[in-house]
Structures are given as structure tokens and as C-alpha cells.
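[1] Need the 3D shape of this:
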Amino acid sequence: MSSDIPASPPSPAADSVYRDADARRVVREWCADRLGRWPVPHRTLVHPTGAGDAHVLVAGEAGEAAGRADRPAVLLVPGTNFSAAACLPLIEALAARGPVYVPDLPGQPGLSAPGRPRRDRTAWYGRWLAEVLDGVVARPAVMVGHSLGGAAVLACDSPHMVGRVALSPAGLVRLRVTGRVLGATLPWLLRPDEARSAALLRVMSGPGAEPSAESAEWMTLVARNCRSTLAPPPLPRPVVARCRRVPAAVAVGEHDVFLPPRRLVPAAGRLLGVRARVLPGAGHLLPEERPEELAALVDEVVAQAVEAGGAARRRGAPGGG
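    Residues are numbered from 1 along each chain as shown. Down below sits the predicted model:
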């Protein structure tokens, strides 16, 4: 195991995301209600981990019955302040193609355990994801992560991982916080309501994008009940270097307020050896703004992973090249 990752996760009670027990109940009820009303066929499961219970949404399993059983699964990791229940547009687009697993990160608003470490957080999340991938999916999978989830995917190392897709990922460069961002964030934190939440989401989106009512409601719930976190710092170079072992892709919005393409694109090329895809007109909230485009990008990495796996099997087969 890499020395960059703590040997064991902390107690789930070490640093709770929630302000109190009632706040946790309110967030969990919102998530359960949203998933209960979601018309896409799905199931939920709870997997015990060293950081407490992991709640995982599973959808798209009908794709296996339709003759796509050889397709790697997809494991999607939401970003800071988001959960599976708050990322349904992208999950639906991915589920139309095959199995997708979506764990709520511990220490983030959602249905998983509330605790998170006070230091080495991104590396800790990487180890936790490996535990979930190996214990829940237990098959080849392409891991997809947005923002904080992207950093966690870059930090993760598992024999079941056959590809990575990092969407506006933290972990490569420091996120930029502008006066415009602060001007929308502070009112949202101090006096949260749907109008202030929508204003913040507009800043985080591309020009002219209008956030959904559900997203504004969710962000209001988060501000009222949760303790947000700072953006994670860049990952250590040795951790990022091992990402080159499997096919990878990076996407960023043309108008990403936190990760401008002029900073992220060169970093992705230098550190990961990939040319980041810049999505015209989009901002930081790619899972809501461009779900179909992202699902198509994941398809590309899935195809690369299948091809790489076939080539490896041919090399290892008796009499093969």
C-alpha cells in the first residue's frame, strides 16, 4: 500500500459533515425521497467500510441482460456537497449504457457515514473508494469523478480499475476562488434560501445556464445543515503518475470558474499525459450541464479499457503475440 495513503481511516465521528443529528436526518430524508421518486430502475445497498457504512446507488443493470455483460461497470463519485440523489441526470445517462454504481462519499452530505478525516483527506478518500470498488463492484470498472470526486478517483488504486474519467477534477491544480465566487458563496452560507442557492449555482455554471429547482433546493439544504470543506490541494506527483497505468480522460467546462481550462488543460497533459476535453459553453457543474456528453466521453474510455484488456489477454494467452 502506498505510503501516501493513511493506513486506516479515522473514526466516523472524528469530523462530522452535519451540524447535529437533526441536520443529518433532514438531509437523509431528502435523499431517500428523491431516490424513491426517481423513475429509473435502480436499487440501493449498504456496504460496511472502515469509515462506516457506504451507501451505494446501483442502476443500469438491465443493460447486462440486454447482451452487454462484457462491458466494464462504471463507478461515479460525486463532488463536494453533492450526493447520488443530487446527480441523477448524469446517472441516468450512464445507466442507459450499462451498470453504474454511485457511492455517497463519507463526510459529504448524503446517505453514507458522516465522518471525515481532518488531514490527508483526498488520499483517504482514494483508499476508501478502493475499498468500495473491491467490495461492492468486484469486477472491472471505469471510475468517474467530479471535482472532489475527481481527485478521489485520481488518488484511488485498485486492481479492478480499468479506466479513469476526471470531470473538472480537483487534485491536479489548486482551485481558483474569485471575488465573484465569494460574492455568491457568502450570502448562501449566511442566509441560505433557494434564491441565493440558485445565484451560486449560476456562478458555477456556464453563461445562461439556469439551475434546476431540485439543485437549488439541495444546495439550500446543504447550507442550512452541513459544514462545507475547503477544496483539496494538488495530489503528490507519485500518486498522479500511477494514473497513467490505465486509459484516462479529463473534461472541463470552457467557463469553469474554479478550474479555468488555461490552467487545467496543461496540467492534465503534463501530469496524466492526456489532452483534456474542453466543453464549450459549460461551467464547473458538468454532471448537470452536460450529462449526455459526459456519458459519451465515458463510453470512449470504456472502449479503450475493453481494447486494452483484450490486448493484455492476447499477450498472455499461450501462442499469442
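
[2] who touches stretch 207-220?
    For stretch 207-220, contacts defined as Cβ atoms under 8 Å, 6 or more residues apart in numbering pick out 30, 34, 81-82, 85-86, 188, 192-198, 200-202, 205, 255, 281, 283, 285, 288-289. (Glycine included, C-beta is placed from N, CA and C.)

[3] just stretch 172-187 next, same as before
    The list of residues contacting stretch 172-187 from outside it, by Cβ under 8 Å, 6+ apart, reads 154, 166, 196, 199-200, 202-203, 231, 233-235, 240, 257-260, 263-264, 267-268, 271-272.

[4] one step back: can I get the buried part of the contacts of stretch 207-220 as one ChimeraX selection?
    Command for ChimeraX that selects the buried part of those, burial taken from 16 or more other Cβ atoms under 10 Å:
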select :30,34,81,82,85,86,188,192,196,197,198,200,201,202,205,255,283,285,288,289
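
[5] wouldn't Val136 be in contact with Ala54 here?
    Yes. Contact criterion Cβ atoms under 8 Å: Val136 and Ala54 qualify, at 7.4 Å.

[6] what stretches of this structure score poorly on pLDDT?
    1-14, 63-69, 310-321 (pLDDT under 70).

[7] And the helices in it?
    If you assign secondary structure with DSSP state H, the helices in the chain sit at 21-37, 62-63, 88-95, 121-132, 148-155, 179-190, 194-204, 213-225, 237-241, 261-272, 286-289, 291-316.

[8] contacting residues for the closest residue to Val77 other than its chain neighbours?
    Ranked by Cβ to Cβ, 6 or more residues apart in numbering and with sequence neighbours excluded, the top spatial neighbour of Val77 is Gly149, at 3.3 Å. Listed by Cβ under 8 Å, 6+ apart, the contact set of Gly149 reads Leu76, Val77, Pro78, Gly79, Phe82, Leu105, Leu167.

[9] The residue lying closest to Val142 once chain neighbours are set aside: neighbouring residues, count only.
    Leaving aside its sequence neighbours, Val142 sits nearest to Gly163 (Cβ to Cβ, 6+ apart; 3.8 Å). Applying the criterion other Cβ atoms under 10 Å, we find 25 residues in the vicinity of Gly163.

[10] Can you tell me how far Asn96 is from Val252?
    Wrong residue type there; residue 96 is Ala, not Asn. Using Cβ to Cβ, to the nearest Å, one obtains 24 Å as the distance from Ala96 to Val252.

[11] ah, wrong one, I meant Glu92
    Here the criterion is Cβ to Cβ. By it, Glu92 lies 22 Å from Val252.

[12] more neighbours, these two?
    Here Glu92 and Val252 are compared on neighbour count by other Cβ under 10 Å; more neighbours surround Val252, at 27 against 19.

[13] from memory the more buried one sits against Pro280, does it?
    No. Under the contact definition of Cβ under 8 Å, Val252 does not touch Pro280, with a separation of 11.1 Å.

[14] The nearest residue to Asp299 once chain neighbours are set aside: neighbour count?
    Distances taken as Cβ to Cβ, 6+ apart place Arg97 nearest to Asp299, at 6.5 Å, with adjacent residues excluded. Neighbour count of Arg97, defined by other Cβ under 10 Å: 17.

[15] heads up, I number from 43, so please use that
    From this message on, residue numbering opens at 43, which makes the last subject Arg139.
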